[in-house]
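1. coords please:
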Amino acid sequence: LVIVWAAFFCDYVLMTIAIPIFPLLKKADFFIGTLFAAKAMCQVLASPLMLRFVDRYTKGTFLTGLALETLSVLIFAVTFDYRIWFFARALSGVASAAIISSGLAHLTRCYVDRNERAVAMGLATTGIVSGVCLGPLLGGLL
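-> As a prediction, the model looks like this:
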């Protein structure tokens, strides 16, 4: 549960930490909005595809998602090019789909009792909410 919470938290901190940095690209508001939406759009599109991998490779899907997320952060760190940042955001969306899908599937397998599972999933999703709340604040501090 702690590992899944931490992965959800980090994923969403990384999603929102860049918000204060986006204006540094000096692009029109439309392009900044598109850049921000790229992650969510790719996450929504990739999630149904991830279900096939989650059922077969459980932990492998989770670890692949974490590796892709790490790669997207490294890409952000080395450039200020809009097109490359868009690719990194899209890659981060695919990573999120893998992390969230496999994390919730892992909790479903670990917590057989319905009430325990509900509590575990509720606690895990607080990682998402916490990441969304703290990401822009951390980005502003950086």
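2. Report the secondary structure element holding Thr61.
-> Per DSSP states H and E, Thr61 falls inside helix 29-78.
3. For the residue nearest to Gly131 when sequence neighbours are not counted, give its distance to Tyr82.
-> What sits nearest to Gly131 in space, not counting adjacent residues and going by CB to CB, 6 or more residues apart in numbering, is Tyr12, at 2.9 Å. Every residue, glycine included, has its C-beta placed from N, CA and C. As for Tyr12, its distance to Tyr82 is 23 Å (criterion: CB to CB, to the nearest Å).
4. the more surrounded of these two?
-> Taking other CB atoms under 10 Å, Tyr12 and Tyr82 do not tie; Tyr12 has more neighbours (23 against 16).
5. okay but the more buried one is in contact with Gly135, surely?
-> Yes. Tyr12 is within contact range of Gly135, at 6.4 Å (criterion: CB atoms under 8 Å).
6. What's the separation between the residue lying farthest from the centre of the chain and Ile17?
-> Distance from the centre of the chain peaks at Asp113, with 27.5 Å (CA atoms, centre = their mean). Taking CB to CB as the measure, Asp113 falls 36 Å from Ile17.
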